[in-house]
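Asker: 3D, please:
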Amino acid sequence: MNNVTLLFSRLFLIGLFLVSFKTQAFDEIEDKLKKIIPKNKMILKDVGNRIYNDLGFYFMSDNQFNNFLGDPQLMRTKIADKIVVVAIRPPRLDLFAPDNMEHTIRMQGKDNYIIHLGDATNIACWNEWNKFTYRMQPDILGKQMHKGWVMVPGNHDFFFLGNTAGSHLRKTGGIKQTWAAACNDDDYPNKKPKRLKSRILTKGSFILAYLSQLSTQSTRFPRLKKDFTYKSKDAKCIETKKATKMGLTEPSTRFRICDWKAKDPKSFLQRVHYMKPLKDDVRVEYRSLLVQEVALNPPGTKPFHYRGILLDTQDYYINPNLYFNRIFGRFAKWIGKVNPGDHGAVQRGQQELVKGWLKENNKKHDPNSTVYVFMGHHPFETILPLGRLRMGDMFNDLKYYTYVSSHTHYGYVKEHKYLNKNILSELNVGSVTDWGTKGSQVVYPNQAIKSGDKLTMPMTFKTNHMKNQPADIKKFCKKAWNASNDPDEKHGYLAYSKAGWLPSAAHDKTLDILIGAYDDMYARLDLKKYDAKTQKSVGEDLALRKKYDAKFKRSCGMFRKNCRRKKFLMVQRYWITDQQNYKRDRVYHEDRLKYGVCQSIWSSMKENETW
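Answerer: Now for the predicted structure:
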């Protein structure tokens with residue numbers, strides 16, 4: 001088939017797709033436009049770092065823990081970093097970001113709930129998810145951290161680098177193998193896994209892993225039993241009888257659809273709805289769905305009862321794609337085939353589900369004293385037009401509501417207008433580890449203030465700001481620890497920018513920087529303070545490091561995979577030893593945490609200077 005024939009074939013198929021799939025969608029827009037404009041009676045106000053009367057929970061987001069051992073790939077190169085400034089983060093930030101998040105959670109106190117707004121992982125790997133869930137534990141080494149957590153799904157949590165689930169044409173090949181290689185932390189060079197899902201985190205796998213965490217919070221932590229009563233065996237599930245597919249090249253599948261509801265109306269976690277394909281195929285996993293409801297304070301609380309709806313803005317009509325909307329622009333938005341990094345989506349099924357919940361709630365809770373906080377990963381204006389209309393239809397059933405999003409890594413408060421009317425007040429929460437415009441942050445909503453028929457809700461941004469560091473960080477961050485003082489930037493915070501243009505060069509430089517980061521850390525920590533097991537394991541690592549010292553001082557080049565393998569194994573060994581001691585030795589844990597917090601903040605600040 002020549003190129004011209006192939007082009008016309010594709011255009012013909014696209015035309016068929018439009019006619020057969022989207023006619024009803026355009027009719028839906030036409031029907032809804034006249035009555036979709038909600039009446040906003042709630043305004044959000046950014047009050048900086050001042051706390052008035054917080055509600056006992058806070059938002060955090062976009063830590064994007066990254067598998068720094070992953071194989072070289074085109075989306076992690078100097079060219080990619082020129083286009084997207086966070087394509088390559090400072091390797092020291094990748095290494096130490098979990099410490100910053102753990103410290104941030106610790107400093108908020110044990111009496112708050114956490115609502116995470118998505119992008120816990122970066123590449124969407126199991127090893128990244130495991131890093132995240134360890135740091136999100138309600139108790140760590142006997143120290144109480146918080147009262148429990150929930151989260152909404154983010155695009156980086158189950159799409160490769162937040163951008164794609166791969167092509168429908170190939171079941172396990174193409175970009176899916178690149179994805180699996182990027183998740184590799186076993187050995188180098190990468191060996192093709194027998195099963196893709198053993199490494200990559202698809203949407204269906206993410207939902208099951210997350211539900212397991214919800215269940216664990218009540219079984220492993222007795223103090224959380226009243227608020228987190230979810231058990232998978234208590235969910236009411238059905239399986240659809242008819243298999244469906246959403247594209248010409250997509251396999252058909254039936255679904256398992258489950259609903260769970262808390263028995264106690266005062267429990268924090270109230271409802272969970274999820275849908276997962278029965279077919280074990282990566283190509284259909286994007287059709288999974290997760291929606292939740294939480295009681296942010298007990299029903300009947302004065303002056304307002306707050307309820308949260310955790311939406312799934314990764315609810316795509318057809319398989320999301322890395323390049324399609326970049327090539328076809330508005331046409332791609334019409335048919336719903338977009339890059340998840342650019343656009344979110346909400347489908348009719350989710351709309352009807354949530355409206356059913358709201359209708360039931362309105363019978364139990366006074367609408368004049370109930371405030372709804374809708375939460376989703378994507379900012380409102382980045383959600384596809386039909387999705388925004390469906391959300392507006394949800395809002396129409398309510399008197400007081402707001403929307404909380406993340407995704408941008410910056411953080412802001414914004415009013416959305418339509419036909420010169422305020423229709424929605426939105427809080428966007430920046431990254432808890434990247435710098436953004438306000439520094440790494442968490443955000444606290446405060447008790448709403450009523451004035452006439454309207455409410456104003458103050459929003460407190462608690463940040464690690466470059467000009468106003470919290471006192472605890474100023475106290476333990478020693479100037480000698482700051483790698484910015486390295487005049488040659490050989491393995492400092494921005495040394496990755498000095499790598500060559502090829503993926504292998506970026507990978508080689510990353511390994512060099514990580515080895516240097518561990519060298520620096522062990523040179524600056526007082527190893528004699530720690531228990532015998534910690535001292536022995538670190539001593540063995542340093543002895544091996546000394547053995548290969550000369551080889552680690554030079555670049556490996558494009559084809560010298562054995563050279564890179566030695567560096568890979570050294571970083572891997574450093575990391576495994578470090579984490580084993582971190583999870584066991586309390587004294588080492590505290591010193592290592594403080595050191596990691598400082599490295600994470602300094603590296604993020606340095607990267608921010610290049611934006």
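Asker: residues contacting the residue nearest to the spatial centre of the chain?
Answerer: Of all residues in the chain, the one closest to the mean position by Cα atoms, centre = their mean is Asp119, 0.8 Å from it. Contact partners of Asp119, counting by Cβ atoms under 8 Å, 6 or more residues apart in numbering, are Ser61, Asp62, Asn63, Gln64, Gly154, Asn155, His156, Asp157, Gly162, His377, Ser406, His407. Every C-beta, even on glycine, is put in place using the N, C-alpha and C of the backbone.
Asker: Most neighbours out of those residues, which is it?
Answerer: Ser61 (32 neighbours; other Cβ atoms under 10 Å).
Asker: Now do the SS call for Lys45.
Answerer: strand (DSSP: H, G, I helix; E, B strand; the rest coil).
Asker: List the beta-bridge partners for it.
Answerer: Pro458 (DSSP bridges).
Asker: ok, how many other residues are close to it?
Answerer: 12.
Asker: What of Ser425?
Answerer: Neighbour tally, Ser425, other Cβ under 10 Å: 22.
Asker: Check which helix or strand Asp434 maps to.
Answerer: Under the criterion DSSP states H and E, no helix or strand holds Asp434.
Asker: how much space is there between the residue nearest to the centre of the chain and Thr433?
Answerer: Counting by Cβ to Cβ, to the nearest Å, the gap from Asp119 to Thr433 is 10 Å.
Asker: Same check on Leu310?
Answerer: Relative to Thr433, and taking Cβ to Cβ, Leu310 is found at 21 Å.
Asker: Between those two, tell me which one has more neighbours.
Answerer: Using other Cβ under 10 Å, the more surrounded residue of Leu310 and Thr433 is Thr433, with 30 against 26.
Asker: doesn't Asp62 make contact with that one?
Answerer: Yes. Counting by Cβ atoms under 8 Å, Thr433 touches Asp62, with 7.4 Å between them.
Asker: in the stretch 351-500 of the chain, which spans are helices?
Answerer: Secondary structure of the stretch 351-500 of the chain by DSSP state H, counting those that start in this stretch: the helices cover 385-395, 471-476.
Asker: List the buried residues in the last one.
Answerer: When you say that, I think you mean helix 471-476. Residues of helix 471-476 classed as buried by neighbour count (16 or more other Cβ atoms under 10 Å): Ile473.
Asker: Packing partners of that helix?
Answerer: For helix 471-476, the elements it packs on are helix 586-608, judged by 3 or more Cβ pairs under 8 Å, 6 or more residues apart in numbering; DSSP states H and E.
Asker: List the buried residues of the helix it packs on.
Answerer: For helix 586-608, by 16+ other Cβ under 10 Å, it's 588-589, 591-607.
Asker: I'd like the average pLDDT over it.
Answerer: The pLDDT scores in helix 586-608 average 91.
Asker: Check stretch 539-552 too.
Answerer: The model assigns stretch 539-552 a mean pLDDT of 86.
Asker: Now find how far off-centre it is within its chain.
Answerer: 36 Å (Cα atoms, centre = their mean, to the nearest Å).
Asker: again with stretch 41-56
Answerer: 24 Å.
Asker: same thing with stretch 411-419?
Answerer: 23 Å.
Asker: Now tell me what touches that stretch from outside.
Answerer: Against stretch 411-419 from outside (Cβ under 8 Å, 6+ apart): 37, 43-46, 380-381, 422-430, 436-438, 441, 443, 459, 461.
Asker: go again using 6 Å as the cut-off
Answerer: With contact meaning Cβ atoms under 6 Å, 6 or more residues apart in numbering, stretch 411-419 is reached by 37, 44, 46, 380, 422-430, 436, 438, 441.
Asker: Over to stretch 248-266?
Answerer: 168-169, 229-230, 234-240, 243, 245, 270-279, 281, 284, 298-299.
Asker: Make a PyMOL selection of the buried ones in the residues you listed.
Answerer: To isolate in PyMOL the members of the contacts of stretch 248-266 that are buried, counting by 16+ other Cβ under 10 Å, one can use:
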select buried, resi 168+229+230+235+245+270+271+272+273+274+275+276+277+279+281+284
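Asker: follow-up on the earlier one: and the helices of the stretch 351-500 of the chain: which comes nearest Gly516?
Answerer: Among the helices of the stretch 351-500 of the chain, the nearest to Gly516 by Cβ to Cβ is helix 471-476 (21.9 Å).
Asker: for the helix or strand just after the closest one, packing partners?
Answerer: Using DSSP H and E, the helix or strand that follows helix 471-476 in sequence is helix 503-524. The contact analysis (3 or more Cβ pairs under 6 Å, 6 or more residues apart in numbering; DSSP states H and E) places helix 503-524 against helix 91-108, helix 561-582.
Asker: I'd like those as CSV, with mean neighbour count appended.
Answerer: Converted to CSV, the helices and strands packed on helix 503-524 look like this (neighbours: other Cβ atoms under 10 Å):
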stretch, mean neighbour count
helix 91-108, 24
helix 561-582, 18
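Asker: Which one of these lies nearest to Phe395?
Answerer: Closest among the helices and strands packed on helix 503-524, once you apply Cβ to Cβ, is helix 91-108, at 29.6 Å.
Asker: mean confidence for that closest one?
Answerer: The model assigns helix 91-108 a mean pLDDT of 94.
Asker: Toward the C-terminus from that helix, list the very next helix or strand.
Answerer: Taking DSSP H and E, what comes next after helix 91-108 is strand 113-116.
Asker: For that next one, list every residue counted as buried.
Answerer: Tyr113, Ile114, Ile115, His116.
Asker: Tabulate these (TSV), appending distance to Val371 and pLDDT.
Answerer: Shown next, in TSV, are the buried residues of strand 113-116 (distance: Cβ to Cβ, whole Å; pLDDT from 0 to 100):
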residue	distance to Val371	pLDDT
Tyr113	16	97
Ile114	19	97
Ile115	15	98
His116	21	98
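Asker: now the strands: where do they sit in the stretch 101-250 of the chain?
Answerer: For the stretch 101-250 of the chain, strands defined by DSSP state E, counting those that start in this stretch occupy the ranges 113-116, 139-140, 143-144, 149-151, 236-239.
Asker: how deep is the spatially closest residue to Arg106 that is not a sequence neighbour tucked in, by neighbour count?
Answerer: Nearest in space to Arg106, with sequence neighbours left out and distances taken as Cβ to Cβ, 6 or more residues apart in numbering, is Met145 at 6.0 Å. As a burial measure, Met145 scores 20 neighbours (other Cβ under 10 Å).
Asker: And Met145, how close does it get to Gly166?
Answerer: Taken as Cβ to Cβ, the span from Met145 to Gly166 is 36 Å.
Asker: same deal with His273?
Answerer: Distance from His273 to Gly166, by Cβ to Cβ: 26 Å.
Asker: so where is the stretch 301-450 of the chain shaky, pLDDT-wise?
Answerer: 324-336, 419-421, 435-439 (pLDDT under 70).
Asker: before we move on, the earlier item: make CSV from the strands of the stretch 101-250 of the chain and add distance to Leu514 to it.
Answerer: Listed next are the strands of the stretch 101-250 of the chain as CSV, based on distance: least, Cβ to Cβ, whole Å:
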stretch, distance to Leu514
strand 113-116, 26
strand 139-140, 24
strand 143-144, 28
strand 149-151, 28
strand 236-239, 44
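Asker: What's the local residue count around Leu353?
Answerer: 18.
Asker: ignore the last one, Lys110
Answerer: Neighbour tally, Lys110, other Cβ under 10 Å: 14.
Asker: so what's it closest to, chain neighbours aside?
Answerer: Nearest to Lys110 is Gln144, by Cβ to Cβ, 6+ apart, at 4.0 Å.
Asker: Can you check what pLDDT the model gives that neighbour?
Answerer: 95.
Asker: Go ahead and confirm it touches Asp111.
Answerer: No. At 8.9 Å, Gln144 does not count as touching Asp111 under the criterion of Cβ atoms under 6 Å.
Asker: Which one of the two is surrounded by more residues?
Answerer: Shown here are Gln144 and Asp111; by other Cβ under 10 Å, Gln144 has more neighbours (14 against 9).
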